[in-house]
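A.B. asks: Predicted model follows, preceded by the sequence.
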Amino acid sequence: MKFETKVVRAGISPDPTTGAIVPPIYQSATYVLPEVGRDLGFDYTRSSNPTRATLETALAAVEGGRYAACFASGMSTVDAILRLFKPGDHIVSSDDVYGGVSRLFNQILVNYGLKFSYVDSSDPAKVARAIRKSTKMVWIETPTNPLIKVTDLDAIGKICKKNKVLYGVDSTFATPALLRPFRYGADIVMHSVTKYLSGHNQIIGGVAIVKTKELYDHLRFQQKSIGAVPSPFDCWLTLAGLKTLAIRMERHSENGLAVAEFLEGHPKVKRISYPGLASHPQHEIARRQMSAFAGMMSFELIGGLKAGRSLMNSVKLASLAESLGSVETMITHPATMTHASVPKKARLARGLTDGLVRISVGIEHKDDIIEDLTQALA
Ligand SMILES: Cc1ncc(COP(=O)(O)O)c(C=O)c1O
C-alpha cells in the first residue's frame, strides 16, 4: 500500500458484528471472560483496548515499524521509553529539544540516576564525541522545537550502530508523511500524537513505534504497569485525524514554504529558520531526508522581544497558543510558553532568545495567513 492509502486504510476493517465502516469506540474498562483462564483478547483497558489496538496497528503501519504503543501524552511516551534505563546509564540528546523533554530529563529522571549530555546534533561529530562507555541511547529531535534545527539521521544511525547504542528519534515535527527515521537505523520512533498525527487540537497523546518484540514488550509493560494510556475516545479521534495526514502535510508544507519565503523577504525579519529555505544551515540534509518541510518555523524580528510581542498580540487569524501541528495557524512565544521551564541561561546558551517567535502554519488559505502576518507586522 502507498502511504496515502495506508493512512486511510491500515488496520481498519469493517466491524464484524455490524459492518460499521468506522471502528467503534470501545468505551469499556473491563471485559467479561467466557470462562476462568480464557479471555477474548482483552481483559482490562489499562493493558489493552480494541480502539487503542486499532490505532496502534495503524500507526505502526504508517511509520513503517512493526509495533506501536500509545500513551496518554507525548511526554508519558518519552518517560516510558526512558524507563528502559538504570541508574548510571547515560543518554546523549539533541540540545534543542521541546522544553517538556528537557524538564523530564533534567528535573525528574536525573533524580533516578540517569545521566544526560546535550549536543548540537546537527553536527554528527559532536554526537560521536559525547558517547561514553555508559551511553545507552542517542535521542534525536529533528526538526527541533523551537529552533527547527535538522539532524542528519543517516550519519547518527551509523554512529549508533558502531557504538551499539539505541537510537531514538522524536519525529513529531516531520511525521511519517515527510520523514522515515527507520530507514536510517532508528530503533524507536516517537511522536507527540497531539500534533500533526491527530491534527485537530482535540486530544493529547503520544506513540512509540519499534521494530523488535523486546522493545515492544518493554512499552506494553509500561502501559500496563503505569497506566498512562489514552482513552478509547481519544484513540478514536486520532484515527479520524490520521486519515487526512497525507493531504494535511502537503498543505502544511505548501503553506509553510510560502509563509517562510514571505517572512524571509520582510524588512522587519532579522533571521528565520525553516528547513525548506536555501538559507537554512541544514537545507541540503533536510532535502535529502525529508520529502517536504511541514509548517513549523521560528524567526526573530529586528527589535527583539518588543517587536515579537507586538506581532504576537496583533495577529487576528493566527492563534496565540502553546501547541503546534494542527489545522489552525498558531503563533507561540517559546521563552514564556513552550520552553518557559528551561532556565534562562540554558535557553540563551542554545540560541533560544527572548525575541524568538514560533509559527505553526495551518491549512487555511496561504493568502489569508500572509495577510494576517502583514497587518500584524505593519
Ligand atoms: C517535539 C515534541 N516532543 C514531545 C512533545 C510532548 O508532547 P505532549 O505535549 O503530547 O506531551 C512536544 C510537545 O510540544 C513536542 O513538541
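C.D. replies: Everything's here; your move. Residues are numbered from 1 along each chain as shown.

A.B. asks: Run a quick neighbour tally on the nearest residue to Leu109 once chain neighbours are set aside.
C.D. replies: Nearest residue to Leu109, sequence neighbours excluded (Cβ to Cβ, 6 or more residues apart in numbering): Leu82, at 5.7 Å. Quick note: C-beta positions are derived from backbone N, CA and C, even for glycine. Burial of Leu82 is recorded as 23 neighbouring residues (other Cβ atoms under 10 Å).

A.B. asks: Repeat that for the one 4 residues further on.
C.D. replies: Lys86 sits with 10 neighbouring residues when counted by other Cβ under 10 Å.

A.B. asks: That one reaches Gly113, doesn't it?
C.D. replies: Yes: the criterion here is Cβ atoms under 8 Å, and Lys86 meets it with Gly113 at 7.3 Å.

A.B. asks: The residue of the stretch 151-300 of the chain found nearest the ligand bridge partners, please.
C.D. replies: Nearest to the ligand, among the residues of the stretch 151-300 of the chain, is Ser192, at 3.1 Å (Cβ to the nearest ligand atom). Under the criterion DSSP bridges, Ser192 forms beta bridges with Gly206.

A.B. asks: is it true that it touches Thr172?
C.D. replies: Yes: if you go by Cβ under 8 Å, Ser192 and Thr172 touch, sitting 4.6 Å apart.

A.B. asks: sorry, back to before: contacting residues around the residue of the stretch 151-300 of the chain closest to the ligand?
C.D. replies: Applying Cβ atoms under 8 Å, 6 or more residues apart in numbering to Ser192 gives the contacts 73-75, 77, 98, 170, 172, 205-206, 325.

A.B. asks: what's the lowest-pLDDT member of those residues?
C.D. replies: Lowest pLDDT among the contacts of Ser192: Tyr98, with 95.

A.B. asks: list the contacts for that one?
C.D. replies: By Cβ under 8 Å, 6+ apart, the neighbours of Tyr98 are 74, 141, 145, 170, 172, 192, 338-339.

A.B. asks: Could you check how far it is from Ile203?
C.D. replies: In this view, Tyr98 and Ile203 are 17 Å apart by Cβ to Cβ, to the nearest Å.

A.B. asks: Likewise for Met75?
C.D. replies: 14 Å.

A.B. asks: Report the contact partners of Leu305.
C.D. replies: Leu305 neighbours (Cβ under 8 Å, 6+ apart): 335, 354-355.

A.B. asks: Among those, which one has the most neighbours?
C.D. replies: Neighbour max across those (other Cβ under 10 Å) = Ala335, 22 neighbours.

A.B. asks: Confirm that it sits in a helix.
C.D. replies: No: going by DSSP: H, G, I helix; E, B strand; the rest coil, the assignment for Ala335 is coil, not a helix.

A.B. asks: Which parts of the stretch 201-350 of the chain are strands?
C.D. replies: Under the criterion DSSP state E, counting those that start in this stretch, the stretch 201-350 of the chain contains strands at 206-210, 269-273, 296-301, 319-320, 330-332.

A.B. asks: and the last one, which strands flank it?
C.D. replies: Looking back up the chat, that one is strand 330-332. Strand 330-332 has these strand partners (DSSP bridges): strand 319-320 (parallel), strand 356-360 (antiparallel).

A.B. asks: same deal with the third one?
C.D. replies: Next to strand 296-301 in the sheet, as set by DSSP bridges, lie strand 269-273 (antiparallel), strand 356-360 (antiparallel).

A.B. asks: what comes up buried for the first one?
C.D. replies: The reference is to strand 269-273. 269, 272-273 (16 or more other Cβ atoms under 10 Å).

A.B. asks: Just want the residue of the chain that's nearest the ligand.
C.D. replies: Using Cβ to the nearest ligand atom, the single residue of the chain nearest to the ligand is Gly74, 2.2 Å away.

A.B. asks: That residue - nearest residue in space that isn't next to it in sequence?
C.D. replies: Per Cβ to Cβ, 6+ apart, closest to Gly74 is Ser192, 2.9 Å.

A.B. asks: list the contacts for Leu242?
C.D. replies: 7, 55, 58-59, 62, 197-199.

A.B. asks: Test my guess that His218 contacts Tyr67.
C.D. replies: No: at 10.6 Å, His218 does not count as touching Tyr67 under the criterion of Cβ under 8 Å.

A.B. asks: Excluding chain neighbours, give the residue nearest to Lys213 in space.
C.D. replies: Per Cβ to Cβ, 6+ apart, closest to Lys213 is Tyr67, 7.4 Å.
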